[in-house]
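Asker: Got a predicted model here, sequence first, then my questions.
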Amino acid sequence: MRRGFPQGFCMKLAYLLENYSAVQDYLFGLKAKGVKFGIDRMRALAAALVNPELKVPVIHLAGTNGKGSTAAMLDGILRASGRRVGLYTSPHLVRLGERVQVDRVMLSEREIEDYTRLLVPVATELGEVDPDDHPSFFEFMTAMAFLQFERKNCDVAVVEVGLGGELDATNIVDPVVTAITSIGFDHCEILGHTHAEIARAKAGIIKPGVPVVMGRMPMEAEEVVRARAAEQGCRVYSGREIFGESFENYPQTALVGECQRWNAGTATLVAQALPKELAVSPAVIGEGLSGAHWPARWQQIQMQDQMLIMDASHNPEGAESLADNLEVLVTKLGHRPAIVVGALGAARAGSLIEVVARYASEIYLVEPKQARACSRETLRKFIPESFEGEIFDARVETLFSDESRINLPREAGTVVVTGSIYLAGEVMMKLFPESGPGEGRLQDF
């Protein structure tokens with residue numbers, strides 16, 4: 001690690017970051033500067049840290065949807081095999097430390113403090129000549145993940161891409177397997193406006209000779225992934241080829257919904273493609289899938305006299321999965337649930353609200369506490385005139401002021417909260433205050 005700063009500077013810096021609140025403020029300052037794409041900064045930061053990303057075998061996951069659920073399933077499979085497993089995902093629901101976990105124990109406030117104090121002088125020196133070379137918030141968190149996995153002597157790490165693939169900070173890894181869970185329309189202003197363009201960005205994680213697993217995706221996208229894999233001399237494992245088109249042919253998992261069966265197929269193929277030193281048996285794969293847990297993915301929480309279902313379905317592909325789950329739910333209940341919905345960005349809200357209106361008895365419109373949140377007025381414009389139920393403007397703090405029940409103006413035995421993952425995080429914070437104060441301002445990105 002380079003050390004180009006005078007002792008007085010470092011002492012002053014340590015003083016300024018003397019507690020977790022100060023560290024939060026510092027990290028928020030980085031996040032407020034926005035997203036930086038490209039991996040040169042991350043490579044320089046990792047090199048200054050003696051490349052911790054190369055010390056632990058990595059499974060690298062990209063995709064529009066399903067990355068987190070697939071990562072959780074792989075984490076379960078690998079832990080069931082007796083390995084110590086690192087898990088890096090984003091964003092968090094409630095606490096920043098959720099992003100970096102070892103054997104599902106999240107990074108503590110003290111560890112975040114220590115890592116931040118370690119990284120700040122290095123990052124400051126990297127940005128000394130050109131401020132744009134200073135690592136971003138996401139790059140700080142990525143460095144913390146690699147350092148934690150090395151420090152905890154993980155046997156393997158499951159690393160989820162933050163955004164895209166080729167230019168994502170995580171793409172400095174040298175993986176043992178890569179996987180692309182799905183291709184759909186999201187972040188189109190950055191990744192492209194066709195399935196092929198988006199697939200090209202995400203296929204940038206494919207490395208020479210490293211096995212590639214493909215989840216379900218449009219054929220246009222699949223062709224791009226296959227072409228990239230062929231260029232790099234990689235063997236391809238295709239969920240569609242091995243399990244077929246019907247979700248019923250895919251492996252069972254504890255996570256609910258057709259899309260989760262598809263994700264289980266991807267996780268299974270990744271597990272089967274692992275090198276010999278990480279090989280797992282079919283029985284272990286089944287055990288891991290049956291015990292998988294990932295919050296806010298059709299998660300059912302029994303309240304005092306209500307069933308709450310949390311589901312982060314934030315883009316058009318997610319809306320399709322939401323429709324499948326709501327169809328099953330309405331058939332099972334014999335009536336429609338009340339639905340609480342909030343979204344980030346009008347492009348995401350349209351398809352989401354159309355599905356919500358199709359299955360809701362009444363709709364509660366909320367605004368997640370994020371800068372990019374859709375206003376209630378914008379959400380209301382997407383509700384079709386044919387919707388016959390009542391529409392309410394609502395606030396999370398009012399609906400969920402009581403930990404034992406949801407405060408609705410009309411009685412509802414089943415309530416679905418859907419849309420932005422940030423909305424889910426706000427609700428989880430209200431329901432489970434013992435998890436600590438939410439870190440919403442550090443969520444986005």
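Answerer: On my side now, so go ahead.
Asker: How many neighbouring residues does the closest residue to Glu248 other than its chain neighbours have?
Answerer: Spatial nearest neighbour of Glu248, chain neighbours left out: Arg261 (7.6 Å); criterion: CB to CB, 6 or more residues apart in numbering. All C-beta spots, glycine's among them, are computed from the backbone N, C-alpha and C. Counted with other CB atoms under 10 Å, the neighbours of Arg261 add up to 20.
Asker: Which secondary structure state is assigned to Arg261?
Answerer: Here Arg261 takes the helix state, with states given by DSSP: H, G, I helix; E, B strand; the rest coil.
Asker: separation between it and Ala221?
Answerer: 20 Å (CB to CB, to the nearest Å).
Asker: Let me see the ranges of the strands in the stretch 51-200 of the chain.
Answerer: 58-62, 85-88, 100-102, 105-106, 156-160, 177-180 (DSSP state E, counting those that start in this stretch).
Asker: Is it possible to get a markdown table of these that adds mean pLDDT, distance to Arg372 and mean neighbour count?
Answerer: Shown next, in a markdown table, are those (pLDDT from 0 to 100; distance: least, CB to CB, whole Å; neighbours: other CB atoms under 10 Å):
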| stretch | mean pLDDT | distance to Arg372 | mean neighbour count |
| --- | --- | --- | --- |
| strand 58-62 | 98 | 22 | 28 |
| strand 85-88 | 98 | 23 | 26 |
| strand 100-102 | 98 | 24 | 23 |
| strand 105-106 | 98 | 25 | 14 |
| strand 156-160 | 98 | 21 | 26 |
| strand 177-180 | 98 | 25 | 29 |
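Asker: Now tabulate those strands in TSV and tack on distance to Pro368.
Answerer: Shown next, in TSV, are those (distance: least, CB to CB, whole Å):
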stretch	distance to Pro368
strand 58-62	25
strand 85-88	23
strand 100-102	23
strand 105-106	22
strand 156-160	21
strand 177-180	28
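Asker: Tell me which stretches of the stretch 101-250 of the chain form helices.
Answerer: In order along the chain, the stretch 101-250 of the chain carries the following helices (DSSP state H, counting those that start in this stretch): 109-126, 137-151, 188-191, 195-202, 219-231, 239-243.
Asker: Could you tell me the least trusted of the ones you listed?
Answerer: Per-stretch mean pLDDT for the helices of the stretch 101-250 of the chain is lowest at helix 188-191 (a mean of 74).
Asker: so what secondary structure elements neighbour that one?
Answerer: helix 195-202 (3 or more CB pairs under 8 Å, 6 or more residues apart in numbering; DSSP states H and E).
Asker: Figure out how far the helix it packs on is from the centre of its chain.
Answerer: Taking CA atoms, centre = their mean, to the nearest Å, one finds helix 195-202 lying 19 Å from the centre of the chain it belongs to.
Asker: now it and helix 219-231, what's the angle there?
Answerer: 40 degrees (axes from the mean of the first three to the mean of the last three CA atoms, to 10 degrees).
Asker: what residues does helix 195-202 touch?
Answerer: Helix 195-202 is contacted by residues 62-64, 161, 164-167, 180, 183-185, 188, 191-192, 217-218, 220-225, 228 when judged by CB atoms under 8 Å, 6 or more residues apart in numbering.
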